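> Structure for the following, please:
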Amino acid sequence: MSAPVPVEIGLLRAADRTLDRQASRLGKSSLYDSRLQVLEATASLIGGFDLQTFHSKFSIVPCGSIATLQDMGAAVASAIAGLPMHPALALSALAREPLSAQDRRAAGAHHTDFRLAALLGRKAAELNPSGRPIVDPACGAGILLVASAIAMAQGDRRARARWLAENIHAADVSAAALRGARLSLASLTHDVGAISNMSGRWFVGDSLLRPLTEWRSISPHGFGAVVANPPWEKLKVHRHEFERAAGCERHYGQAHDDVAPLAYLTERADTHAYARALAARYSLAGGEIDLFAVFTELLIELAGTDGGISALLPAGLIRSKSTGRLRKKLFDSFPQLNIAVIDNKARFFSIDTRFKFLAVAGNKGPIDDRAAIHLTHCDADDQRCVETSPAIIPVAELQSLRPDLTVPEVRSEAQWQLFSRMSRVGTSWDTDTSLWAPDFSREVDMSRYRARFRSGAAAGCFIVVEGRMVHQHRFGAKTYVSGSGRRAMWETTPLGGARVQPQFWIDARDLPTGIPERAEIIRAGFCDIAGQTNERSMMAAIVPAGVVCGNKVPTVTFPRLLGEAPLNTWCGMVNSFAFDWLLRRVLTTTVNYFLLQSVPLPPVTPTSLPGRRISAAAKKLRELDTSSPGTRTAWRMAELRSRIDLLCFNAYGVSGDDAAVILQDFASLDRSQPPLAGERRSTVTRDYLLSLMDYDGKAAATTRFEAAKSLGAIPYISSQNGEDEPALDAVALA
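Numbers count the residues shown, from 1 in each chain. All right, here's what the predicted structure looks like:
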């Protein structure tokens, strides 16, 4: 998926062009410096301060007369006047230091969109009602400080000037970036002296390495609010990115020369030295350092005993195993932590629209048993962000359910209560003593072993199973047609017509130790590429003996549970809507072992009556999928799948009303099925299941299901199968 153009860039495009035209007239070698001079002139017009005094105070040598600069500034001021953002926010966005795509990735720098800045600024103001000093230790062009100042600096012109002079603190490694922050904040006042006093205490350098004593010297009791959008990258040097930044034309995965460039080795050594310095300074630093994690530790340090933080952080904070200690530190420091989950559908950044991140805010204070997370979701239009009502998650209850403190993405109080109940009822399988203790394996790495793959069958070779070949209860869901790499063509097999036609084979002698033996037994496998909004997130199937699975299809056996029946039971349970809904609350884009085992299974054993029924239904599904394509086969498979879903709902204690909540989460179901009259999309699977349950809306669900059935709709048909299904005959369904 290509990266979208951020909304902010579109809104500022005309102003940016105007600024470039005006700046280029100054004739300086540095267009960026010329842009800053024009923006300073713009700020003087908006704020009402004297530009000549400003130049004198900050030793700026103008590249044109004051009149010329002010004319240029007037053109820019006119261009931003009608925008749906405060002029000072527009100035900050226009003052950003230009970075190449490689530099941006290397630094983990994602400029803060004006809507996010306004959201974080409002939160900072709410956390700091007395208007105590605030700081941004990774300031850039200052948009977060500007947004906070707009929300906090109330009163007349003199009061605002005084507050700016005494309470705004900033730090950044780039003096040029801080110049942009200064001019943006200057547009909020007429008082050059106030701006001089304010910026005179700013710090040019690495905030992470600045001694805490220096921070305390400028705010002895800590800051009232700390705002930040810190770098989100791991601290490491990628040779591929390094060589691209140096001008080498190369594609990802291309082999490197045997001898690494001296500049690369030097930068890598410098990075390792920097990592050691951070590890000595921060308790959360160690191993492969996440810059956002050490920055977050700094934010906590900088906030006063009752001070607040308002920060933009990656969603890995609440999901990843590696951020467990950081989560604990946050929950141990903030009695109420507000976390807003935000995705990029509103085009804040030039990254995938599915990418998620967080606005995290809270005041430090003593922790007791009332400590809670207020979890919201944030929607946005082209002008502002709006949060949903919070789900209140007590930290003590979260820890009892999820000892790693990963936070489930529930959208309401009702969803949290449902998640909590199902988690308590479910069976943990993440310990060696669990009956369901798994033995996972990534059998063959598709990249590392690519040179050993063959394009045809031969004696002693195994079929290589790729992720697209595995779907829910389906092994052989797609067959290879032609091509290679991203141009490889695959064909979806119809329900009842599953078959294995691979792209690759591999000789058993070329496999890692122990894998040929594993490949000779039946086991379960699942596709580990997934997403919260996919049609289905968990896709597991029985993997027969005689094939080997690529790394995107991890396989699993259960040493305490021998035979095929437990594998069938497990596949049935994890493919159920109930388990899938729980998984979607904690999922990112990969079903890794850590996340998968953090979701409790239904409390079902393979030898129990529900376990035997699930196993039998899953086994029959596998048999039917290789019998014959057709409507009757599709309906028989739907009936078996509904039987499994009802057994799993019952095991988790899910009522009909609960099931309606769960099924509402699967908005992409039934895309290939005909919708009811006047509706955009079919809901036949949801209506079918609810018609089988004790549910207040059972009668309505039954009516809808019968109407859908008369149109030829069939439940549980994956969208990838819809186009391959035979024509559906309504008469045949009677």
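
> Does anything pack onto the helix or strand where I9 lies? Which helices or strands?
Assigned by DSSP states H and E, I9 falls within helix 7-24. In terms of contact count using 3 or more Cβ pairs under 8 Å, 6 or more residues apart in numbering; DSSP states H and E, helix 7-24 is assigned the packing partners helix 31-47, helix 66-80, helix 87-94, helix 114-127. Quick note: C-beta positions are derived from backbone N, CA and C, even for glycine.

> Give me the contact list for that helix.
31, 34-35, 37-39, 72, 75-76, 79-80, 83-85, 90, 93-94, 113-115, 346-348, 350, 382 (Cβ atoms under 8 Å, 6 or more residues apart in numbering).

> Report the mean per-residue pLDDT for it.
Helix 7-24 carries an average pLDDT of 96.

> quick one on the thing from earlier: tabulate the helices and strands packed on helix 7-24 (a markdown table), appending mean pLDDT.
Output for the helices and strands packed on helix 7-24, formatted as a markdown table (pLDDT from 0 to 100):
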| stretch | mean pLDDT |
| --- | --- |
| helix 31-47 | 96 |
| helix 66-80 | 97 |
| helix 87-94 | 98 |
| helix 114-127 | 97 |
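
> circling back to that earlier point, now that we have the contacts of helix 7-24, which of them are buried?
Buried members of those, counted by 16 or more other Cβ atoms under 10 Å: 34-35, 37-39, 72, 75-76, 79-80, 83, 85, 90, 93-94, 113-115, 346-348, 350.

> what's near enough to touch the most centrally placed residue in the chain?
For the chain, K356 is the residue whose C-alpha lies nearest the centre (Cα atoms, centre = their mean; 3.0 Å). Contact partners of K356, counting by Cβ under 8 Å, 6+ apart, are A315, V341, I342, D343, N344, T588.

> residues near the third one, how many?
I take that to be I342. Neighbour count of I342, defined by other Cβ atoms under 10 Å: 24.

> can you confirm it is in a strand?
Yes. Counting by DSSP: H, G, I helix; E, B strand; the rest coil, I342 is located in a strand.

> Which strand residues bridge the residue nearest to it when sequence neighbours are not counted?
Among residues not flanking I342 along the chain, C378 sits closest, at 4.3 Å (Cβ to Cβ, 6 or more residues apart in numbering). With DSSP bridges as the criterion, C378 is bridged to I342, E387.

> could you check the distance from C378 over to K328?
Separation of C378 from K328 (Cβ to Cβ, to the nearest Å): 25 Å.

> Compare these two (neighbour count), which wins?
In this view C378 and K328 are compared by other Cβ under 10 Å, and C378 has more residues nearby, 19 against 15.

> Who are the contact partners of that one?
Contacts of C378 by Cβ under 8 Å, 6+ apart are L119, A340, V341, I342, A359, C385, V386, E387, T388.

> Settle this for me: the fourth one is touching V360, isn't it.
In other words, I342. No. Using Cβ atoms under 8 Å, I342 makes no contact with V360, being 10.8 Å away.

> that older thread, include distance to T683 when you put the helices and strands packed on helix 7-24 into JSON lines, please.
As requested, the helices and strands packed on helix 7-24 are arranged in JSON lines below (distance: least, Cβ to Cβ, whole Å):
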{"stretch": "helix 31-47", "distance to T683": "53"}
{"stretch": "helix 66-80", "distance to T683": "46"}
{"stretch": "helix 87-94", "distance to T683": "42"}
{"stretch": "helix 114-127", "distance to T683": "33"}
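
> Could you identify which of those helices is most buried?
helix 87-94 (a mean of 27; mean count of other Cβ atoms under 10 Å).

> what's that one in contact with?
8, 12, 15-16, 19, 35, 39, 42-43, 46, 76-77, 80-81, 83, 111, 114, 117-118, 141-143, 146-147, 149-150, 180-181, 183-185, 187-188.

> how far does it sit from the chain's center?
27 Å (Cα atoms, centre = their mean, to the nearest Å).

> Quick one: work out the angle between that helix and helix 7-24.
80 degrees (axes from the mean of the first three to the mean of the last three Cα atoms, to 10 degrees).

> Run the angle between helix 87-94 and helix 66-80 for me.
100 degrees.

> hang on, the earlier thing: and the contacts of C378, which are buried?
Buried members of these, scored by 16+ other Cβ under 10 Å, are L119, A340, V341, I342, A359, C385, E387.

> between those, which is nearest I522?
Of all those, V341 has the smallest distance to I522: 39.7 Å, by Cβ to Cβ.

> Could you find the closest non-adjacent residue to that closest one?
Nearest non-adjacent residue to V341 (Cβ to Cβ, 6+ apart): H377, at 5.0 Å.

> show me the contacts for that neighbour.
Here H377 is in contact with A340, V341, I342, E387, T388, E409, R411 (Cβ under 8 Å, 6+ apart).

> And it, how close does it get to P6?
For H377, the distance to P6 - Cβ to Cβ - is 20 Å.

> next one: Y32
20 Å.

> Toward the C-terminus, what is the element adjacent to the lengthiest helix in the chain?
As assigned by DSSP state H, the longest helix anywhere in the chain is helix 631-652. Using DSSP H and E, the next helix or strand after helix 631-652 towards the C-terminus is helix 656-664.

> Which neighbouring elements make contact with the helix or strand just after that following helix?
Next helix or strand after helix 656-664 toward the C-terminus (DSSP H and E): helix 684-691. Applying 3+ Cβ pairs under 8 Å, 6+ apart, one finds that helix 684-691 makes contact with helix 631-652, helix 656-664, helix 698-710.
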